[in-house]
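In: no sequence on this one, just coordinates:
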């Protein structure tokens, strides 16, 4: 009794009628396949896009462009000193001492990495410190307090001598 092998008895066998490739032909065929696989496929031609038919817009419907408002000038130390002096009625030297002391304390607090919470201004949150071209740079985020309602009274206190 003969046992059947892995192939069924109905499977046809290869005959000598099919030509065999030589070793050189096999290697040339394999190298062509590798080269073809390594080359990127040619890009497909883009699909033609339909051209939209734009209708002319009447001039009255076009929004008029308004120029950006001019940026207000920078508030420097001298201008701040003048504004506070005018608002309080105090002497310039007194205001300078108070302003300098306040700014020194604010700088020291931020340089230490702490946050500021100054009621009329808002919250100044320290984020990080980095080295800039001209020295140390503190990165902070300022969340402004809501604008106070306009009242008839002046928000700055009058000096004791003016009362």
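Out: Okay, I see it. All values derive from a computational prediction rather than experimental measurement.

In: elements contacting the helix of greatest length in the chain?
Out: Once the chain is assigned using DSSP state H, the helix that runs over the most residues is helix 92-111. Using 3 or more Cβ pairs under 8 Å, 6 or more residues apart in numbering; DSSP states H and E as the contact criterion, the secondary-structure elements in contact with helix 92-111 are helix 77-88, strand 116-118, strand 135-144. C-beta here means a position set from N, CA and C on the backbone, and glycine is covered the same way.

In: Run through the protein and note the low-pLDDT ranges.
Out: 1-65, 148-163 (pLDDT under 70).

In: Could you export the helices and strands packed on helix 92-111 as CSV, including mean neighbour count and distance to residue 99?
Out: Formatted as CSV, those follow (neighbours: other Cβ atoms under 10 Å; distance: least, Cβ to Cβ, whole Å):
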stretch, mean neighbour count, distance to residue 99
helix 77-88, 13, 6
strand 116-118, 13, 14
strand 135-144, 11, 19
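
In: so which of the ones you listed gets nearest residue 68?
Out: If you check each of the helices and strands packed on helix 92-111 against residue 68 by Cβ to Cβ, strand 135-144 wins as the nearest, at 21.1 Å.

In: elements contacting that closest one?
Out: Using 3+ Cβ pairs under 8 Å, 6+ apart as the contact criterion, the neighbours of strand 135-144 among helices and strands are helix 92-111, strand 122-132.
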